[in-house]
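Student: Sequence below, structure please.
(one chain, ligands or ions: 1)
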Amino acid sequence: METYVTRRERFSSAHRLYRKDWSNEKNYEVFGPCSNPQWHGHNYELYVTVKGEVDQQTGFVINIKELSNLIKEYVVNKLDHKNMNTEVDFMNGKLASTENLVIAIWDELEQPIRSLGIELYRVKISETENNFVEYYGK
Ligand code: NI
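Tutor: Residues are numbered from 1 along each chain as shown. Now for the predicted structure:
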């Protein structure tokens, strides 16, 4: 039977939402405090959902520790206590919005998760406790 398993990981990153071709005033108008030229940080929560068949021997879709290690290796260790705009290869040249982040994380995880014999189903991130962004790979 196909079931869905979600692992939560947390990381803290600095970022700035801005466009170089806009003035600081225009950036503030569109991006608010997230456009602060001196950076700022968020405590992000990342939810990675995979889907797969339940293994009859283990009763698991996946060993959740293995999934956690994979997410840390490909995503969390690169973001945690880093500046997302300047230090994270997969965000290089991208506007550091949660939408762009969730898509970039999907692209990082899709193949490694497939190599475990299961499928990535959803990546979800909350930047604050009130906002979530989800991506299903389409
Ligand atoms: Ni922000």
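
Student: Please name every helix or strand in contact with the biggest helix by length in the chain.
Tutor: Ranked by residue count under DSSP state H, the longest helix found in the chain is helix 98-114. In this structure, helix 98-114 makes packing contacts with strand 40-53, helix 64-71, strand 119-128, strand 131-135, judged by 3 or more C-beta pairs under 8 Å, 6 or more residues apart in numbering; DSSP states H and E. Using the backbone N, CA and C atoms, a C-beta is placed for each residue, glycine as well.

Student: contacting residues around Trp123?
Tutor: One thing to correct before we go on: residue 123 is Val, not Trp. Val123 sits next to 46-49, 102, 105-106, 109, 134-135 when contact means C-beta atoms under 8 Å, 6 or more residues apart in numbering.

Student: if we can go back for a sec, if we go by neighbour counts, what in the longest helix of the chain is buried?
Tutor: Going by neighbour count (16 or more other C-beta atoms under 10 Å), the buried part of helix 98-114 is 98, 101-106, 108-109, 113.

Student: Closest to Ile64 out of those residues?
Tutor: Minimum separation from Ile64 among those (C-beta to C-beta) is found for Ile113, which lies at 12.7 Å.

Student: Most distant residue from the centre of this structure?
Tutor: Centroid-distance maximum for the chain: Gln57 at 31.5 Å, with C-alpha atoms, centre = their mean.

Student: sorry, back to before: which members of the contacts of Val123 define the maximum pairwise distance?
Tutor: With C-beta to C-beta as the measure, no two of those lie farther apart than Leu109 and Glu134, at 14.0 Å.

Student: picking that back up, check the buried residues of helix 98-114 against Leu67 and report the nearest one.
Tutor: Comparing these against Leu67 with C-beta to C-beta places Ile113 closest, at 7.6 Å.

Student: Distance-wise, check the closest residue to the closest one other than its chain neighbours relative to Asn100.
Tutor: Leaving aside its sequence neighbours, Ile113 sits nearest to Leu120 (C-beta to C-beta, 6 or more residues apart in numbering; 4.6 Å). To Asn100, Leu120 is 18 Å away according to C-beta to C-beta, to the nearest Å.

Student: about what we covered before: from the contacts of Val123, pick the one nearest Gly93.
Tutor: Of all the contacts of Val123, the one sitting nearest Gly93 is Ile105; the distance, using C-beta to C-beta, is 15.9 Å.
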